[in-house]
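Chemist: Here is a sequence with its predicted model. Questions after.
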Amino acid sequence: MSFKSEEEIRPKNIFKELLKCCEEDAIYLSKVGDFVEISCPACGSETKENAFVKNNFNFQYCKKCHSLYNSPRPTQNSFNSFYPKSKSSQYFFESFYPAVEESRKIKLIPERVERVASFINQMSKGKKVILDIGGGQGFFFDLLRLQFPDFEYRVIEPNAELAEVCIKKGYKTIIDFVENVTEWESEVDFIVCFEVFEHIVNHIDFLEKFKRMLKPGGKLLITTLSGDGLDISLLKEDADIVAPPQHLNFFSIKGFNEIFKRLGFNEIFIQTPGKLDVNIVINKSMEIEKWKQDSLVNFLINLNEENRTEFQKFLEKNLLSSHIWVVATL
């Protein structure tokens, strides 16, 4: 089962409360944290221009690869010490996720499993070691294991309460941030990392850790948000999903290709199977009057439901949705 509206996977009332927590966190962290200027985290270019400011966080637009990213940004130490205790993190784990858990198990995870299974089936036969970064309570593995019961399933999850659920299910689990993990070098065939990349402060260190864990020929899947997508590229600071200090990075497709090539990955495959760009843009026009005057937004508003669906499929097919999947082979 899929979905067609934001409300199905992030109900407006609790999503707005999460965004409020993000805003309070960002303003607080911008005053007390240590911040550093960075070059483009995707391609390394120093050539950039100011894009906008949101919640006291500056976002830059890379002139080389066209990625959108926060700079100056919190240092890794500032981020690590702040993040677990932040209002937004606590609200996400204590209120937001429990409220959407059942809906996402039905509407999101089965399609994830289907897509990942298709990549696994392209690999050589035999038992595989699969690692989920930020695996939560292991719902993704619960379904994937039904298709591949002989595989070994491992999880890295920094939230101790969620990690304990994975341990009880029999998944080999490390309770920590992936940046701190030193185990499992050259032991993993396939790493999946769902909706984590947009939170990362240092992408090179993050991806280098995966390189060390992967076997030669192993695959890494990243799902995240792309700055090339319709809703982010159009709405910019008005896009709800641009939510510092939680979401700091929105690489372009060119940016994703650049960073994986820099790190020695190959066979980079990209798709944007997003479902919500059109719905997000139309919803935003209901909140902010100026967007009703935008010609593209007005065009979308006036489409009937069938044509809106077809337009979303067009975005998906042409790599123009903000929800992106990147699969790279080592």
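Modeler: It's in.

Chemist: Check the secondary structure at Val53 for me.
Modeler: Secondary structure assignment for Val53 (DSSP: H, G, I helix; E, B strand; the rest coil): strand.

Chemist: Would you mind splitting this structure into its domains for me?
Modeler: 6-107+228-329, 108-194 (automatic domain parsing).

Chemist: Nearest approach to Pro216 belongs to which of these?
Modeler: With C-beta to C-beta, the closest approach to Pro216 among these belongs to domain 108-194: 7.8 Å. Every residue, glycine included, has its C-beta placed from N, CA and C.

Chemist: Now do the helices in the stretch 151-300 of the chain.
Modeler: 160-168, 203-213, 230-235, 253-262, 277-287, 295-301 (DSSP state H, counting those that start in this stretch).

Chemist: any idea which of those is most buried?
Modeler: Most buried of those by mean neighbour count (mean count of other C-beta atoms under 10 Å) is helix 230-235; its value is a mean of 22.

Chemist: State whether Glu49 is indeed within a strand.
Modeler: Yes - looking at Glu49 with three-state DSSP, it is inside a strand.

Chemist: before we move on, back to that, got JSON lines for the domains of the chain, with mean pLDDT too?
Modeler: Formatted as JSON lines, these follow (pLDDT from 0 to 100):
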{"stretch": "domain 6-107+228-329", "mean pLDDT": "93"}
{"stretch": "domain 108-194", "mean pLDDT": "94"}
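
Chemist: Let me know which of the helices of the stretch 151-300 of the chain is the nearest to Phe141.
Modeler: helix 160-168 (7.7 Å).

Chemist: could I get the lengthiest strand in the chain in CSV with only the CA atoms?
Modeler: Secondary structure of the chain per DSSP state E: the longest strand is strand 214-225. C-alpha atoms of strand 214-225 as CSV (Å, rounded to 0.1, in the frame of the first residue of the first chain):
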residue,chain,number,x,y,z
LEU,A,214,31.7,-3.1,3.3
LYS,A,215,33.2,-6.1,1.6
PRO,A,216,34.7,-5.5,-1.9
GLY,A,217,31.7,-5.3,-4.3
GLY,A,218,29.3,-4.5,-1.4
LYS,A,219,26.5,-2.0,-1.9
LEU,A,220,25.4,1.0,0.0
LEU,A,221,21.9,2.5,-0.2
ILE,A,222,21.2,6.0,1.0
THR,A,223,17.7,7.4,1.0
THR,A,224,17.4,11.1,1.8
LEU,A,225,16.3,14.5,0.5
